[in-house]
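Peer 1: Would you be able to build a 3D model of this:
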Amino acid sequence: MANVALIGLEKAFGTQTALKGIDLAIADGEFLVIVGPSGCGKSTLLRVIAGLEAPTEGDVLIEGQSALSLSPAQRGVAMVFQSYALYPHLNVRDNMAFGLRMAKRPEAEITAAVGQAATLLGIEDLLDRRPKELSGGQRQRVAIGRAIVRQPRLFLLDEPLSNLDAGLRVHMRHEFARLHRELKTTMIYVTHDQVEAMTLASRLVVLNGGAIEQVGTPMEVYEAPRNLFVASFLGSPRMNLLAGEITAITKSAVKVRLVSGDVVSAAAEAGRAHIGDRITLGVRPDALAIGKGANGFNVTADVVETLGGMQAVYGLMAGVGQTVCALLPGGHPVRHDDTLRLCFAPSDAYLFDADGQAFTRLKARA
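Peer 2: Numbering: from 1, shown residues only. Presented below is the predicted three-dimensional model:
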């Protein structure tokens, strides 16, 4: 295992800055997931840790020692790419053994390492096949096996499931979680898929525009997003974000007039709030319910997606045409053009100021 510290990392490609002042400590045995939209710097960060790119500024410490003067092979890291990068003319056994043979390890040691990795990954019966004879999931297992046999201090995984279909992605997520449990090795995993991020991470890093937006456990980040970007990025379907204006303030709640004219309450620490402030109110789709309460607004159902026991209803807010999504039980069918009253508890609301920064939420209902 290895701990890693990233100190003031900057990376520029000409006039384009890919990483901006990254400071991050990664503990021994941690499964850290870096998530963010395409082009936010995730893969660049991974390549800097691996030694495939040199930072413009800053340092990478592995076990407390700077790794900048070390080659990728000397850093004790193994990287798994989304493209698998298998040698088509070699069988599975030789693909997995390739790195060890290049390092001139004894053949008996190579045979034992390949056998152990194949057993761990359940690919013992594939060792004599070539990559073209394998499915996408099997190829990914081989690529992982090639990394495992090296017994690295650190695994770096760059969107390893992006080329798989939906069913295989779910299965391989389970496999990665199991491997981490059994290998107990530090893993840094890059993805743009928030489901992978939420289900795999022991800790989550949200990256945007080359900078860290928030770090925490998946539930910490999901339940307490620091700003509008994190709030809108995590969650499927995404959080509803509604423009509004503060009309009243109490000790434990803020009254907000939405663009639709509805006045609703949000349980929030009101120290930063002022009457007349323009804010954004957020409410997740699963926090909305059909009701008759005052804390809500009307929508006209536009698109209804049936999801088995649930239905995702996309409705247009009355008078303004803004789309709102609600996750509702499937037992009460909603049809196109139905008028619905969607209500939520004040404690389920999120507030963001004009700069997009979150107010502290209060758990007690207003």
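Peer 1: ranges for the helices of the stretch 151-300 of the chain?
Peer 2: Secondary structure of the stretch 151-300 of the chain (DSSP state H, counting those that start in this stretch): helices located at 166-183, 194-200, 218-223, 228-233.
Peer 1: Show me the least confident stretch of these, going by mean pLDDT.
Peer 2: In terms of mean pLDDT, the lowest-scoring of these is helix 166-183 (a mean of 85).
Peer 1: Just the buried positions in that one, please.
Peer 2: Counting neighbours by 16 or more other C-beta atoms under 10 Å, one finds that the buried residues in helix 166-183 are Leu168, Arg169, Met172, Arg173, Glu175, Phe176, Leu179, His180, Leu183. For every residue, glycine as well, the C-beta is placed using N, CA and C.
Peer 1: neighbours of the residue nearest to Gly308 when sequence neighbours are not counted, just the number please.
Peer 2: Computed as C-beta to C-beta, 6 or more residues apart in numbering, the closest residue to Gly308 that is not its neighbour in sequence is Gly330, at 6.6 Å. Summarising burial for Gly330: neighbours were counted as other C-beta atoms under 10 Å, giving 12.
Peer 1: what's the lowest-mean-pLDDT helix or strand in the chain in contact with?
Peer 2: Of all regular secondary-structure elements in the chain, judged by mean pLDDT, DSSP states H and E, the least confident is helix 166-183 with a mean of 85. Taking contacts as C-beta atoms under 8 Å, 6 or more residues apart in numbering, the residues outside helix 166-183 that touch it are 31, 120-121, 135-137, 140-141, 144, 148, 157, 160-161, 164, 187, 189, 193, 196, 199-200.
Peer 1: Put the buried members of these into a PyMOL selection.
Peer 2: Typed into PyMOL, the line below selects the buried ones among the contacts of helix 166-183, using 16+ other C-beta under 10 Å:
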select buried, resi 31+120+121+137+140+141+144+148+157+160+161+164+187+189+193+196+200
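Peer 1: Out of the contacts of helix 166-183, name the ones that lie in strands.
Peer 2: The subset of those located in strands under the criterion DSSP state E comprises Phe31, Leu157, Met187, Tyr189.
Peer 1: Between the residues you listed, which sits nearest Asn3?
Peer 2: Proximity to Asn3 was ranked across the ones in strands among the contacts of helix 166-183 by C-beta to C-beta; first place goes to Met187, at 12.7 Å.
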